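Sequence and computational prediction follow.
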Amino acid sequence: MAAPLSAVRFLAALQAEGVRVVEVGNWRTHNRNSRGPWGPVHGILIHHTVTSGTDATVRICRDGYTELPGPLCHGVIAKSGRVYLVGYGRANHAGGGDPRVLQQVTDESYGTSPSRPTKGNLDGTDGNCHFYGFECENRGDGKDPWPEVQLDAIERVAAALCRAHDWGAKSTIGHLEWSKDKIDPTGFTMPAMRARVAKRLAGKPGTPTPEEDDVSLTPQQAQQLAEIHRERAIAPWTYKGTAETRDAYAYLRDTSAAIRSVDAKVTALKAIDLTDAQIAALAEKVASAPGLAATIAEAVAQKIADRLAE
Ligand SMILES: [Zn+2]
């Protein structure tokens, strides 16, 4: 018998495990508690959404739809690895499921997987009161990829709640293991995910993994990019033997050289077969160089002001 965590403890447990949490609206009090019990809790249920696009997915999971009012889970695990908290309390995610599975999960008494469920939505036990629920953004067609940051977030979410309740990894199951009507999640296996959770639980709560880059460069490209970044920095310049270390002409000269060099590097990068997405990302990085033009303009203005003041 485990009482559900308070919303505050739930949030703290996720954050302590390194989950990148996004709180959506009044998630702490958005629930279906008026329609039935919440708790005792016995485990964590993992789903896929059959949607694409994080904004739309989060909205649907928060609001639900006419036949099934929201929240449809507690948290949405997006492809970015961020976890959007949309509700807390009883939520419409588990539906009916197999009471034998519930017992095995409660006791953590199964082997690799619980017994195959023989009950579902219409003839099963109410799972909405017994499970924390997480919807993972995925089309659920078996082809839509599961980014490693998203799998990492699933692992952390499950481990966070298992740790908070002193449960083992077997308290985490997929919807397909709960209900005979369901196939989610599709695209990774729950035994593999439980192995990850178990490994994590054996250690200490972790720090967040870095966010996945939109582009992946080869080592050669990464080195070239690093050189471009280095050369963007404007070199100090000793002006005519005085104590000044920078002046307008030096800035212009160095900047002109840096731009020529960047041009050459970008041309070289193009020649080694970058994808359009990589070129776009590079262009954006170069364009957002912190204040190259502004630095020049400021330095010129300052120099003119100094000269006028003399
Ligand atoms: Zn589901």
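Now that the structure is in, tell me what you want to look at. The shown structure was predicted, so the numbers you read here are calculated from the model rather than taken from an experiment. Numbers count the residues shown, from 1 in each chain.

make it CA atoms for all contacts and neighbour counts henceforth
Noted.

Look up phi and psi at the residue in the stretch 1-150 of the chain positioned nearest to the ion.
Nearest residue of the stretch 1-150 of the chain to the ion, counting by CA to the ion: H47, 4.2 Å away. Main-chain dihedrals, H47, degrees, to the nearest 10: phi -130, psi 160.

check contacts around the residue nearest to P114 when sequence neighbours are not counted.
Of all residues not flanking P114 in the chain, V101 sits nearest, at 6.0 Å (CA to CA, 6 or more residues apart in numbering). The neighbours of V101, taking CA atoms under 8 Å, 6 or more residues apart in numbering as the test, are 114-117, 177-178.

Tell me the one among those residues nearest to S171.
P114 (10.4 Å; CA to CA).

I figured that closest one hits Q104, correct?
Yes - between P114 and Q104 there is a contact at 6.6 Å, judged by CA atoms under 8 Å.

most surrounded residue in the contacts of V101?
In terms of neighbours by other CA atoms under 10 Å, the contacts of V101 top out with W178 at 34 neighbours.

what's the neighbour count on the residue lying closest to that residue once chain neighbours are set aside?
Spatial nearest neighbour of W178, chain neighbours left out: G97 (5.1 Å); criterion: CA to CA, 6+ apart. Neighbour count for G97, taken as other CA under 10 Å: 28.

do A202 as well
A202: 11 neighbours (other CA under 10 Å).

Which parts of the stretch 1-150 of the chain are helices?
7-16, 54-63, 99-107, 148-165 (DSSP state H, counting those that start in this stretch).

Output those in JSON lines; the columns should cover mean pLDDT and distance to the ion.
Below are the helices of the stretch 1-150 of the chain laid out as JSON lines (pLDDT from 0 to 100; distance: least, CA to the ion, whole Å):
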{"stretch": "helix 7-16", "mean pLDDT": "97", "distance to the ion": "21"}
{"stretch": "helix 54-63", "mean pLDDT": "97", "distance to the ion": "11"}
{"stretch": "helix 99-107", "mean pLDDT": "98", "distance to the ion": "16"}
{"stretch": "helix 148-165", "mean pLDDT": "97", "distance to the ion": "14"}
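
Please name whichever of those helices is nearest to A297.
Using CA to CA, the helices of the stretch 1-150 of the chain put helix 54-63 closest to A297, at 39.9 Å.

returning to that earlier point: for the helices of the stretch 1-150 of the chain, which one ends up most surrounded?
helix 148-165 (a mean of 23; mean count of other CA atoms under 10 Å).

if we look at it, which residues are touching it?
2, 10, 13-14, 16-19, 43-44, 77-83, 167-169, 171-172, 193-194, 196-198, 200-201, 205, 209, 211-212.

residues from the chain in reach of the ion?
Proximity of the chain to the ion (CA under 5 Å from the ion) is limited to residues 47, 175.

Looking at the residue nearest in space to the middle of the chain now. What's its pLDDT?
The centroid of the chain falls nearest to G81 when counting by CA atoms, centre = their mean (1.6 Å). G81 is assigned a pLDDT of 96 by the prediction.

Name the residue of the stretch 201-310 of the chain that lies nearest to the ion.
Closest point on the stretch 201-310 of the chain to the ion, by CA to the ion, is L201, at 24.6 Å.
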